[in-house]
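Student: what shape does this take:
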Amino acid sequence: VLLDLTLPDGDGTDLCRELRRRSSQLGIIAVTARGEERDRVLGLRLGADDYVVKPFSMVELQARIEAVLRRTAQAAPERNLIETGSVRIDVSARTVTVDGRDVTLTRKEFDVLLSLARQPGVAVPRDRILLDAWGTTWTDRHTVEVHVGSLRGKLGDARLVETVRGIGYRLRNE
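Tutor: Prediction:
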């Protein structure tokens, strides 16, 4: 959550407190013009994971978002077994089967498939896949295309991973 603490219809600090009360896993970055030390400390104590003072650069904000996503993704419990259609992924063992047939994937191919399998049937943006598999969005976007192409070949059915034009990819959910 990117939360401006100066809201037109209420106090963002109250909203931050309520969001944190509802979820300890949620990543919250407070964005505000309030830059004094007491304001920053209050924002962090209310539950924000980070605090950015306006004006800020988009590069810095992107880096802070990536850092919070890394922390919250690691804190989230990992499902050990994901099954969607003919695809079965054992996350702990890092193994994949399609229609009962073992599929050998590289580490990055597995990470790309896992990024898609966490939300089967949902269009996953390229930036999300990059963040999940490489831990950053600052790389050549063709990297995802190359790995998806290789993944399609190894899965044995290119239709399992669908292209969603202008967005990213989707793992078919049958």
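
Student: ok, the residue most central in space within the chain - contacts?
Tutor: Compute the mean C-alpha point of the chain, and by Cα atoms, centre = their mean the closest residue is Arg128, 5.0 Å away. Going by Cβ atoms under 8 Å, 6 or more residues apart in numbering, Arg128 touches Ser115, Gly168. (Each C-beta comes from the backbone N, C-alpha and C, glycine too.)

Student: now it. Its backbone dihedrals?
Tutor: phi -70, psi -40 (degrees, to the nearest 10).

Student: and the average pLDDT for the helix or strand where Glu145 lies is what?
Tutor: Assigned by DSSP states H and E, Glu145 belongs to helix 142-155. The pLDDT scores in helix 142-155 average 94.

Student: now do it: everything it contacts.
Tutor: By Cβ under 8 Å, 6+ apart, helix 142-155 touches 87, 96, 98, 103-106, 108-109, 112-113, 126, 129-130, 133-134, 158, 160-161, 163, 168-169.

Student: right, and the helix or strand after the helix ranked longest in the chain?
Tutor: Determined from DSSP state H, the single longest helix within the chain is helix 58-75. Sequence-wise, the next helix or strand downstream of helix 58-75 (DSSP H and E) is strand 81-84.

Student: so after that following strand, what's the next helix or strand?
Tutor: Per DSSP H and E, the helix or strand that comes after strand 81-84 is strand 87-90.

Student: mind checking the SS state of Val52?
Tutor: Put simply, Val52 is strand when judged by DSSP: H, G, I helix; E, B strand; the rest coil.

Student: please renumber the chain so that the first residue is 43 from this point on.
Tutor: Will do, 43 is the new start, and the previous item becomes Val94.

Student: and it, how far is that from Ile209?
Tutor: 27 Å (Cβ to Cβ, to the nearest Å).

Student: low-confidence ranges, this protein, go.
Tutor: 116-121, 183 (pLDDT under 70).
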